[in-house]
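Asks: After the sequence you'll find the predicted model.
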Amino acid sequence: MATVTISRQIGAGGWTLGQRLAKSLGYRYVDEDMIHQVADKVGVSPEDVRAFEKEGATKLMKFLDRVVSKDFIQRLLSDRHVYMDEKRYVGIVTAIIKELQAHGNVVIVGRGGQYVLKDYKDVWRILLVDDPERRILSVMDIHGLKRDEAEKFIRIRDRIRTEFLNFFADVASHDDPRSYDMVINMERVGMERAEDLIKGLVVR
């Protein structure tokens, strides 16, 4: 019933590694975009949730049906007019991550999982870092951006990551290795060896 959280610098291959790892371990894969969508949705009314359930075909609802119980969603539902401020959003993200951990056998990429689950057993917290030039080239390739656009994209995403994680921990750097069980330099290690190293932690 293990859980793997992957924090990463943008362009370090976190999404790819998370998907590969989940597939090889037979775990569920949950990335920060999915958690973000769920957190947005749980601010709506019960009537809206029932409407979403009737659709049943969206990626989001398939995710909800698979890893988040209806009772859990109902516990998080607010009054229709409640404003989704940062504090409430962070609280909902925290609840979602804890619910995912309770199910176990899941790979969670992003959204502060390394902090939310820092005191939990059977949780492995991984950080991926990479060479700045490789990060730029990766973003250019994945998003089809020019070099200056990719550099700007990385600066913005790095700032957003820092600001978001500041809600969970007051630390000098969110890349501090003491916050993780394993830090992997993707420039030196590469995708396949990184996958094997993490599996070595999980499968014992």
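Replies: Good, I have the coordinates.
Asks: how far away is residue 18 from residue 150?
Replies: Here the criterion is Cβ to Cβ, to the nearest Å. By it, residue 18 lies 21 Å from residue 150. All C-beta atoms are positioned from the backbone trio N, CA, C, and that covers glycine.
Asks: Can you pick out the residue with more neighbours from these two?
Replies: residue 18 (27 against 22; other Cβ atoms under 10 Å).
Asks: and the more buried one, what does it touch?
Replies: Residue 18 makes contact with 4, 6, 29, 31, 107-109 under the criterion Cβ atoms under 8 Å, 6 or more residues apart in numbering.
Asks: nearest to residue 145, of those residues?
Replies: Ranked by distance to residue 145 (Cβ to Cβ), these are led by residue 31 at 20.1 Å.
Asks: Hmm, that closest one is touching residue 109, no?
Replies: Yes - the criterion here is Cβ atoms under 8 Å, and residue 31 meets it with residue 109 at 4.4 Å.
Asks: Please enumerate the shared neighbours of the two.
Replies: In the contact map built from Cβ under 8 Å, 6+ apart, the residues linked to both residue 31 and residue 109 are 15, 18.
Asks: Which one of these two is surrounded by more residues?
Replies: More neighbours surround residue 109 than the other of residue 31 and residue 109, with 27 against 18 (other Cβ under 10 Å).
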